[in-house]
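K.L.:
Please work out how this folds:
(chains A and B)
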Amino acid sequence: MGTFDKVVPFISRHIYTLSTANLNRLINGYIRIGNLRDARKLFDQNPTSRNTVIWNTIISAYIQNDEPHNAQNLFDEMPDRDIVSWNTALSGLKKIKNPEGVYLCFLKMRRVGLKPNEFTLSIMISALLDTVFNVLTPQIHASVVSLALNSSVFVGSALMRGYANVGDRVALGRVFDEISMKNVASWNALVLGYMDLGDPDEAQRVFGLMPERNVVSWTTLVNGYIGNKKTSAARSVFDRMTERNVVSWTVMISGYVQNGKFVDALRLFLLMLRSGTQANHFTLSSVLEACAGCSSLLLGKQVHLNILKSGIPDDVILSTSLVDMYAKCGDIEAAFCIFQSMPKKNLVSWNSIIGGYARHGLGTRALEEFERMKRLGIRPDHVTFVNVLSACAHGGLVEQGEREFYSMEKEFGIQAAVEHYACMVDLFGRAGQLEKAEELIKGMPFEPDIVVWGALLGACGLHSNLELGTFAADGIRRLEQDHPVMYSTLLKIHGEKGVWTNVLELKKKMKEQGARKQTAGSWIESSYGVG
DNA sequence: GTAGGGTTAG
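P.N.:
Predicted coordinates for the structure are as follows:
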């Protein structure tokens, strides 16, 4: 290679090199308009003008833009990482829900001798919430104290969440007391903490002591009551709010949905629209779930139209809610149509469509989608298998169901849970293989639940097996649950077998319990949401 | 350039 070949790229690189200040300005400009590709191009073209801040800016932009892989690669290439770089990496790992990665990254940072700051510690604590690593909260607290960061409002609020998460009520209060300049966020964290600990009364008391309250304080209270299953208390707080935003409305709507009060949810949604508050994707997926819950295809379609008109961007969760709504409202073709058009699908989306076909009795279609999903390299989870097994049960695919049941553990390492056993009992039971169902129940590694017994009892009703039916009914009674279906099924079997004294006795008992014969519908379906 | 207190799907 001649001198020229070496010199030209060198010169061209340097002639057009931007100053650090200009590079920074241009990169920030591209990021602001969402053009990460050109920001990266400039970054790559100006290796000598890059400084730590620019590296951090790009890494952070990748994280915010849901490109954790690019962020990680750049972080790995980075020559001089400062504390902000590490904090950015930690927040990226937190975002992709990798608590172990967060912990290991923190250790690595410590090993290169960097001292954590307030950002580091609050990211750490919040990243470990609701994971097995939350036991580290007191240890992190120790670091906080040794670095004298205990009066920080940010660290304090994070610590309070951490302690509430591990159920330490005393520490929650102590951390709050130690925050020197408490603001409304610290107070909100205290209300949230007591709600998380399952003590709404104390949360309400603290709420009353607050020097100032904002819309978040009120929403925290509403949501806390909902989390503690006190829907009407939540509603009365909601009604007393002087200012509501889209989050407050959504919290209350989804609260109704979580508690099965679909009509209340839909009614509130209409009030929200009348109030002029614009729904967002959180609101709409809750509303779609409400439509699905009360099988209101008409309303579901209207919500769908609304989404299309409002121009809310494509979102995996919202689209999956639509798939589920159409499937549960009986329009499986529409469900599949939306599913097909989704540019991004995740495990939940696949589970929805498989469950949808299963519910419609289209076992073979469900299994086709299951195969397609596996071919695309998506690993099924325990929910997938509930849907697959239920598809087999509904489609009468006994042998296939058996194969899937064993492959679940062998191929995918998923331990069969009680709901899988319930599906298998249902599968064998519907097919009239009652001995196999019985055998399965007796060999189960745990106690059968109401759904397992219900499946067996249903099968006994279908195939008029009095002996096994009584065995199932006894199982249900041992769980101290009297379900009207139990009586009506037993009644049917007894009637068919001509055991009239028992029929009369059962009828008497039903009357005492106030049980009424139920309309058609499967017990399993209502318990697992599939069938 | 990094963090806190409230919301979504199977």
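K.L.:
now what about stretch A:188-199, what contacts it?
P.N.:
A:156-157, A:160-161, A:163-165, A:167, A:169, A:172-173, A:176, A:200, A:202-203, A:206-207, A:210, A:214, A:216-217, A:220-221, A:223-225, A:227-228 (C-beta atoms under 8 Å, 6 or more residues apart in numbering). C-beta coordinates here come from the backbone N, C-alpha and C atoms, glycine included.
K.L.:
anything in that stretch near DNA strand B?
P.N.:
Yes. On the criterion C-beta under 7 Å from any atom of the strand, stretch A:188-199 is in touch with DNA strand B at A:188, A:189, A:192.
K.L.:
Could you export these as JSON lines, including pLDDT and neighbour count?
P.N.:
Formatted as JSON lines, the residues of stretch A:188-199 next to DNA strand B follow (pLDDT from 0 to 100; neighbours: other C-beta atoms under 10 Å):
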{"residue": "A:188", "pLDDT": "97", "neighbour count": "23"}
{"residue": "A:189", "pLDDT": "97", "neighbour count": "24"}
{"residue": "A:192", "pLDDT": "97", "neighbour count": "24"}
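K.L.:
Just the ones in helices from those residues, please.
P.N.:
In helices, defined here by DSSP state H, the members of the residues of stretch A:188-199 next to DNA strand B are A:188, A:189, A:192.
K.L.:
Export these as CSV, with columns for distance to residue A:339.
P.N.:
Below are those laid out as CSV (distance: C-beta to C-beta, whole Å):
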residue, distance to residue A:339
A:188, 39
A:189, 40
A:192, 36
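K.L.:
Closest one of those to residue A:362?
P.N.:
Using C-beta to C-beta, residue A:192 comes nearest to residue A:362 of those, at 44.2 Å.
K.L.:
Now do that closest one against residue A:185, distance only.
P.N.:
Using C-beta to C-beta, to the nearest Å, residue A:192 is found at 10 Å from residue A:185.
K.L.:
swap in residue A:179?
P.N.:
Counting by C-beta to C-beta, the gap from residue A:179 to residue A:185 is 10 Å.
K.L.:
So which of these two has more stuff around it?
P.N.:
Per other C-beta atoms under 10 Å, whichever of residue A:179 and residue A:185 has more neighbours is residue A:179, with 22 against 15.
K.L.:
Would you mind listing what in the stretch 351-500 of chain A touches DNA strand B?
P.N.:
A:351, A:352, A:355, A:381, A:383, A:384.
K.L.:
Which single one of these is nearest to residue A:233?
P.N.:
Once C-beta to C-beta is applied, the member of these that ends up nearest residue A:233 is residue A:383, at 31.7 Å.
K.L.:
and the residue nearest to residue A:433 when sequence neighbours are not counted, what does it touch?
P.N.:
Counting by C-beta to C-beta, 6 or more residues apart in numbering, residue A:433 lies nearest to residue A:398, which is 7.0 Å off, once chain neighbours are set aside. Each residue near residue A:398 by C-beta under 8 Å, 6+ apart is listed here: A:392, A:427, A:428, A:431, A:433.
K.L.:
Buried ones among these?
P.N.:
Buried members of the contacts of residue A:398, counted by 16 or more other C-beta atoms under 10 Å: A:392, A:427, A:428, A:431, A:433.
K.L.:
returning to that earlier point: between residue A:179 and residue A:185, what contacts are shared?
P.N.:
In terms of C-beta under 8 Å, 6+ apart, residue A:179 and residue A:185 are both contacted by the residues residue A:153.
K.L.:
in the helix or strand containing residue A:265, what counts as buried?
P.N.:
Under the criterion of DSSP states H and E, residue A:265 resides in helix A:262-274. Residues of helix A:262-274 classed as buried by neighbour count (16+ other C-beta under 10 Å): A:262, A:264, A:265, A:266, A:268, A:269, A:272.
K.L.:
where does the stretch 401-531 of chain A dip in pLDDT?
P.N.:
The stretch 401-531 of chain A contains residues with pLDDT under 70 at A:480-485, A:495-531.
K.L.:
Can you show me the strands along it?
P.N.:
Applying DSSP state E, counting those that start in this stretch to the stretch 401-531 of chain A gives no strands.
K.L.:
Out of the contacts of residue A:398, which sit inside helices?
P.N.:
Counting by DSSP H, the part of these found in helices is A:392, A:427, A:428.
K.L.:
right, and out of those, which lies closest to DNA strand B?
P.N.:
Among the ones in helices among the contacts of residue A:398, residue A:392 lies closest to DNA strand B (C-beta to the nearest atom of the strand), at 16.8 Å.
K.L.:
pLDDT score assigned to that closest one?
P.N.:
Listed pLDDT for residue A:392 reads 96.
K.L.:
Tell me which helix or strand the nearest residue to residue A:355 once chain neighbours are set aside sits in.
P.N.:
Counting by C-beta to C-beta, 6+ apart, residue A:355 lies nearest to residue A:387, which is 4.1 Å off, once chain neighbours are set aside. Following DSSP H and E, one finds residue A:387 within helix A:382-395.
K.L.:
cool, and residue A:27?
P.N.:
Going by DSSP H and E, residue A:27 is part of helix A:20-32.
K.L.:
quick one: average pLDDT of that helix?
P.N.:
95.
K.L.:
May I see the buried residues of whichever helix or strand comes after that helix?
P.N.:
The helix or strand immediately downstream of helix A:20-32 is helix A:36-45, counting by DSSP H and E. Across helix A:36-45, burial judged by 16+ other C-beta under 10 Å covers A:36, A:39, A:40, A:42, A:43.
K.L.:
is it true that the first one touches residue A:29?
P.N.:
No. Under the criterion of C-beta atoms under 8 Å, residue A:36 is not in contact with residue A:29, lying 11.9 Å apart.
K.L.:
need the residues of the stretch 201-350 of chain A near DNA strand B, please.
P.N.:
A:214-217, A:219-220, A:223, A:245-248, A:250-251, A:254, A:257-258, A:280-283, A:285-286, A:289, A:292, A:315-318, A:320-321, A:324, A:346-349.
K.L.:
No further queries at this time; thank you.
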